[in-house]
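Visitor: 3D model of this:
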Amino acid sequence: MPLVNYITVRTSAMVETEIKRSRFIAAVYPVETESDAEQLIQNVRKEHWKANHNCFAYIIGKKQEIQKASDDGEPSGTAGVPMLDVLKRRNICNVLVIVTRYFGGIKLGTGGLIRAYAHATSDGLNAAEVIEQVPSLQWAVTVDYHLSGTLENKLRESPYIVKGVQYSDKVTFELYTSQEEGPAFIEWITDLTNGQAQTEKTCELYLQKKLPNPSELS
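Guide: Numbers count the residues shown, from 1 in each chain. Below you'll find the model as predicted:
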């Protein structure tokens, strides 16, 4: 299957906030399958069995095929749905967010609950680092020594990512481009070396691009 762009989180994260004496603990996990998500939910419920609520939302699939949310005893639509809405607004997939609440004795009301769970979800996502998985190509470009110095200088100045350099009877540069840059990259190398480079695509892979938090864009 061809690689496609998608947005997810780089790593797991946990963030705790207090609102009117209630503790909200947001736990974020990258997940690949629904069974993985459900197992993590059970684990958190066991860990926080004294909590009043363990609400969750997850989206799985690069086209967001699987979506699920739970209020876990909070008034209907005040927890799971606003959590899921945050994931959908940021176009994130393959992620699970669980927000555990320890009630502090002061009711927040419908609007207060919606804001609290949405903010906890956003804070958790920011801590986990939202990234774009960019379909990319790895290349091996081999040239004679007399071309290697100029080529290396040009590569270092270019937007392409140099992974490493191998020296033998010739010099081989290993580097990455995005999938979209592939044809232009081949043409650029050909022009730069007057057709004297051996350019080989060695694999397809994802490269991660960190995305700014919404607060950083304001």
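Visitor: the longest helix along the chain packs against which elements?
Guide: When the chain is parsed with DSSP state H, its longest helix is helix 109-128. Secondary-structure packing of helix 109-128 (3 or more CB pairs under 8 Å, 6 or more residues apart in numbering; DSSP states H and E): strand 13-19, strand 22-30, helix 80-89, strand 95-102. Every residue, glycine included, has its C-beta placed from N, CA and C.
Visitor: so for residue 194, which of those sits nearest?
Guide: Nearest to residue 194 among the helices and strands packed on helix 109-128 is strand 22-30 (45.4 Å), distances taken as CB to CB.
Visitor: so after the closest one, what's the next helix or strand?
Guide: Following strand 22-30 in sequence order, the next helix or strand is helix 34-47 (DSSP states H and E).
Visitor: now the angle between helix 80-89 and whatever helix or strand comes next after that following helix, please.
Guide: Using DSSP H and E, the helix or strand that directly follows helix 34-47 along the chain is strand 53-60. Put simply, strand 53-60 runs at 30 degrees to helix 80-89, going by axes from the mean of the first three to the mean of the last three CA atoms, to 10 degrees.
Visitor: before we move on, back to that, pipe the helices and strands packed on helix 109-128 into TSV and attach mean neighbour count per row.
Guide: Shown next, in TSV, are these (neighbours: other CB atoms under 10 Å):
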stretch	mean neighbour count
strand 13-19	16
strand 22-30	22
helix 80-89	19
strand 95-102	26
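Visitor: so, low pLDDT: which residues of the protein?
Guide: For the chain, the stretches with pLDDT under 70 are 1, 215-218.
Visitor: what sits up against stretch 198-211?
Guide: Contact partners of stretch 198-211, identified using CB atoms under 8 Å, 6 or more residues apart in numbering, comprise 3, 7, 10, 129-143, 161, 174, 176, 178-179, 182, 186, 189-190.
Visitor: got it, and stretch 35-54?
Guide: The contact list for stretch 35-54 (CB under 8 Å, 6+ apart) reads 25, 27, 29, 31, 56, 58, 60, 68, 71-74, 79, 96, 98-103.
Visitor: next up, the contacts around residue 24.
Guide: 16, 17, 18, 99, 100, 101, 116, 117, 120.
Visitor: dig out what it forms beta bridges with.
Guide: Counting by DSSP bridges, residue 24 forms beta bridges with residue 17, residue 101.
Visitor: now do residue 58
Guide: What pairs with residue 58, by the bridge criterion (DSSP bridges), is residue 68, residue 96.
Visitor: how many residues are close by residue 157?
Guide: When counting by other CB atoms under 10 Å, one arrives at 8 neighbours for residue 157.
Visitor: give me phi/psi at it?
Guide: phi -80, psi -10 (degrees, to the nearest 10).
Visitor: measure it to residue 192 for me?
Guide: From residue 157 across to residue 192, the span is 11 Å (CB to CB, to the nearest Å).
Visitor: how about the secondary structure of the residue of the chain most remote from its centre?
Guide: Distance from the C-alpha centroid of the chain, by CA atoms, centre = their mean, peaks at residue 146 (41.4 Å). Look at residue 146: counting by DSSP: H, G, I helix; E, B strand; the rest coil, its state is helix.
Visitor: might you report the residue contacts of it?
Guide: So residue 146 contacts nothing (CB under 8 Å, 6+ apart).
Visitor: quick check: residue 196 touching residue 145?
Guide: No: applying CB atoms under 8 Å, one finds residue 196 not in contact with residue 145, separated by 11.8 Å.
Visitor: fine, thanks again, bye for now.
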